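**Student:** Quick check, what structure comes out for this input:
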Amino acid sequence: MKLNIVKLRTLAIASIFLVSATSCLNDLDVKVNDDELYTLEQFYANPESYKQFLAKIYAGLAVTGQTSPNGNSDLGLEADGGPNEGFSQYIRGYWQLQELTTDEAIIAWGESENPGIRDLNFNTWNADNKFNEAFFARIFFQIGLVNEFLRETTDDKLASRGVAENLKAQIKTFRAEARFLRALSYYHAIDIYGKVPFATETEVIGSGIKPPMQSREYVFNYLIGELNDIDADLAAPKTNEYGRADKAAAWMLKAKLYQNAKVYTGIDKSTEALTEITKVIGSAYKIATIPYANLFKADNNINGAQDEAIFPINFDGIKTKTYGGTTFLILASCTKPVGATLGVNDGWAGFRTRQEFIQSTGTDARVMKVPGSTDPAAISDYSKFEEGTKLIKFSNKQANGGNGSDGVFADADFALFRMGDAYLMYAELAIVNGKGSTATALGYINTLRTRAGIVNLTISDINALTTADAKEVFILNERGKELYWEGTRRQDLIRLNHYVSGYTWQWKGGIQNGSSIASTRVLFPIPNKYLNLNSNLSQNPGY
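**Tutor:** Alright, predicted model coming up:
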């Protein structure tokens, strides 16, 4: 039994963009086989249906439709105006907006097959950029799915269906997880777009009302309230199924929101961030005592890396075939010969890093370069993969040297939140914001350095950071070494005041030597396509 994605797609998109009168709840049919469709109520007569629907929401962070690696896309056919299915995968979309726009990555692909990709490299995107448009659609599809799930799992709905008490208790947890997933997507939305279209399960499909646009501050406050509200109903840290949200995932998300609150709302919330990140660090998750490289390998769900993965997005080379996720992160980082050493049988010769990032990381062993590669001093032609330093991060090799389950599609999971990040968040709060203990922060930094076999720092090294800029650069460098290519760089540069000006990297602003960029570039535009669908939406400044 599987959800009919065509009907579900209509509901999800309508619930966040249009709330169209042509959509109705009874369109959520269930496909049992190729010849038979069940009605909504017949679907929910099966006790497994509720977890199945929740699984679809989780799966939306990994896969793109009903047929792997593409086909029957969540977001509609490309021929009918939907985004390219490979481009629209959630982690791939998020990664490209957060990394290609910074010093950490630049991609060699041309415009003919990837229109708009060059503009991410150059920080020159506009409101018609297809990569921006695809991720915007993916975010709000996810939110729409959650809204529909919550509408169908109210106490009244469950009572009307005679749902057993033990299942009701499970559904209470399911609802909390769904609300966490909605909060996660709204967090990504306000981080990237600022003000956003906003709807919850309370909006009635078929009412003809289009969702309003709400400010970044409004949504920020809503998310904090949501995360506080669901805390009691989430599983205790590390007691849920691997890949499902628990209390620690919600604490981590709150900590992220609070740490970026000055960017989002103009109000410093570092004290609140410290409270939440201290709870995360004190939870059952811990720094994995394995080689750093093993955190990103094909068996990172069982090789010890799972101890550190607070919220992983699960990938499997057989069960979740996709041209996004860690498949994209592996294949796009290498040539075919190098791919063979990473457990895949191809290489897409795409992204590498820029010279300024390599200069900032020095010889740190965590920044893993392709063996035998040389480091050109500059990237004079962004479209030549051979120019620039090639790095290794994710791999389809297992810790024991064996290959993953498939030669193309990767098994490596993507830890959206992990304890290494939590340690560095605490360190930033102590060193940059003056919250917490500097000695504790130093201990956390050195724990990560020790795992990587790197010389530890002393308190004198920290005390030598006497200016705000020096402290910000220090934290940026430590975060870059530990978290490169994990989707944090754009946010880090903005929060630590080095994105728009004061720090320049090759091809920033479309100039080979780099330049400052307009302050409006800290936000992406609302795609024109969706402005045209909803007259309540308005464009961000500068676009």
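
**Student:** low-confidence ranges in the stretch 351-500 of the chain?
**Tutor:** 374-377 (pLDDT under 70).

**Student:** just the chain next, same as before
**Tutor:** Checking the chain against pLDDT under 70 turns up 1-38, 79, 205-207, 374-377.

**Student:** Longest helix in the protein, by number of residues?
**Tutor:** helix 165-193 (DSSP state H).

**Student:** what's it packed up against?
**Tutor:** If contacts are counted by 3 or more CB pairs under 8 Å, 6 or more residues apart in numbering; DSSP states H and E, helix 165-193 sits against helix 49-59, helix 130-151, strand 196-197, helix 216-230, helix 247-259. C-beta coordinates here come from the backbone N, C-alpha and C atoms, glycine included.

**Student:** Could you say which of the ones you listed is packed most deeply?
**Tutor:** Among the helices and strands packed on helix 165-193, helix 247-259 has the highest mean neighbour count (mean count of other CB atoms under 10 Å), at a mean of 26.

**Student:** Tell me which residues are up against that helix.
**Tutor:** Counting contacts by CB atoms under 8 Å, 6 or more residues apart in numbering, the residues outside helix 247-259 that touch it are 180, 183-184, 187, 220, 223-224, 227-228, 230-231, 234-238, 264, 269-270, 272-273, 276-277, 279-280, 283-285, 310-311, 417, 422, 425, 428-429, 495.

**Student:** Identify the residues contacting residue 108.
**Tutor:** Going by CB under 8 Å, 6+ apart, the list of residues near residue 108 reads 349, 350, 351, 352, 382, 383, 384, 385.

**Student:** Distance check, it against residue 352.
**Tutor:** 8 Å (CB to CB, to the nearest Å).

**Student:** and the longest helix of the chain, how far from the chain's centre?
**Tutor:** Distance of helix 165-193 from the chain centroid (CA atoms, centre = their mean, to the nearest Å) equals 15 Å.

**Student:** now swap in stretch 109-121 and tell me
**Tutor:** How far stretch 109-121 lies from its chain's middle: 21 Å, per CA atoms, centre = their mean.

**Student:** got a list of contacts for it?
**Tutor:** For stretch 109-121, with CB under 8 Å, 6+ apart as the criterion, the contacting residues are 87, 96-97, 100-101, 106-107, 124-126, 128-132, 350, 382-383, 507.

**Student:** From the residues you listed, list the buried ones, please.
**Tutor:** With neighbours counted by 16 or more other CB atoms under 10 Å, those contain buried members at 87, 96-97, 100-101, 106-107, 125, 129-132, 350, 382, 507.

**Student:** ranges for the strands of the stretch 301-450 of the chain?
**Tutor:** With DSSP state E, counting those that start in this stretch applied, the stretch 301-450 of the chain shows strands at 309-313, 351-352, 368-369, 391-392, 414-418, listed in chain order.

**Student:** In JSON lines, list those strands along with distance to residue 170.
**Tutor:** As requested, those are arranged in JSON lines below (distance: least, CB to CB, whole Å):
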{"stretch": "strand 309-313", "distance to residue 170": "20"}
{"stretch": "strand 351-352", "distance to residue 170": "42"}
{"stretch": "strand 368-369", "distance to residue 170": "42"}
{"stretch": "strand 391-392", "distance to residue 170": "41"}
{"stretch": "strand 414-418", "distance to residue 170": "24"}
